[in-house]
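Student: what's the 3D shape of this:
(chains A and B)
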Amino acid sequence: SAVISQKPSRDICQRGTSLTIQCQVDSQVTMMFWYRQQPGQSLTLIATANQGSEATYESGFVIDKFPISRPNLTFSTLTVSNMSPEDSSIYLCSVRREESYNEQFFGPGTRLTVL
Amino acid sequence: AQKVTQAQTEISVVEKEDVTLDCVYETRDTTYYLFWYKQPPSGELVFLIRRNSFDEQNEISGRYSWNFQKSTSSFNFTITASQVVDSAVYFCALVGGGYNKLIFGAGTRLAVHP
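Tutor: Got it, this is the predicted structure:
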């Protein structure tokens, strides 16, 4: 399995501010993803973080609201911009190792509350 | 389109009962992978199993077992002799062979009471 860490683990933010979440993996991985889990809901894919190019966003998610960086094969950041209470969710980083037959692992998540 | 359906929203059992969590999927891919994850109250997502579409052999791991049936597009998960520590939300998920996106079901919340 991959060891994935996220920072911060949780935060409480004011409406209108932005928060950047960091994801660090203990080894190089080809594929990294960002998911959102709203309270009591399932996981929804926000975007695929591509190393060296712009992230690929899913329908309903845009770069201006959720800018993503991936400077190398072990690190990525997700920014939640101009936050509103509707952004209160758990944000999870995920990686997939193709060499392990596409096993996909998740970080511990960042629990965000927007007041 | 790909879809995962977990029809059971919540299940409540008493310790030591056996419980089966249902998962039905839809995909047009001939190659795909199915997953089960556990999300305990602490919130982290724990990988339980991955199964590829060419391997219909059932799998057992301790008290956990999985029944994969392509004929009914189902990948059900059974916990034998449930324990309080099994209380969690369980997610079934699917990724197609040629596509990157891991699609999750809505999840089943399992409560095991002493």
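Student: So B:D55: helix, strand or coil?
Tutor: In three-state terms, and counting by DSSP: H, G, I helix; E, B strand; the rest coil, B:D55 is coil.
Student: and it, what pLDDT?
Tutor: Predicted confidence (pLDDT) for B:D55: 83.
Student: how deep is the closest residue in space to it that isn't next to it in sequence tucked in, by neighbour count?
Tutor: Closest residue to B:D55 apart from its sequence neighbours, by Cβ to Cβ, 6 or more residues apart in numbering or on different chains: B:F68 at 7.5 Å. Yep, even glycine has a C-beta here, placed from its N, CA and C like the rest. By other Cβ atoms under 10 Å in any protein chain shown, 20 other residues sit near B:F68.
Student: A:I90 too?
Tutor: So A:I90, with other Cβ under 10 Å, has 21 neighbours.
Student: mind listing what it touches?
Tutor: Applying Cβ atoms under 8 Å, 6 or more residues apart in numbering or on different chains to A:I90 gives the contacts A:R36, A:Q37, A:G109, A:T110, A:R111, A:L112, B:G43.
Student: hang on, the earlier thing: phi, psi for the residue nearest to B:D55 please.
Tutor: Main-chain torsions, B:F68, degrees, to the nearest 10: phi -100, psi 120.
Student: close enough to count as contact, it and B:L34?
Tutor: Yes: under the criterion of Cβ atoms under 8 Å, B:F68 makes contact with B:L34 at 7.0 Å.
Student: one step back: the residue nearest to B:D55 pairs with what?
Tutor: B:F75 (DSSP bridges).
Student: which residues sit in contact with residue 80?
Tutor: Using chain A. Residues counted as contacts of A:V80 (Cβ under 8 Å, 6+ apart) are A:S18, A:L19, A:I21, A:K65, A:F66, A:D87, A:Y91, A:L112.
Student: was after chain B, sorry
Tutor: Neighbouring residues of B:T80 by Cβ under 8 Å, 6+ apart: B:D18, B:R63, B:Y64, B:S65.
Student: any idea how far the last one lies from B:I79?
Tutor: Computed as Cβ to Cβ, to the nearest Å, the B:S65 to B:I79 distance reads 8 Å.
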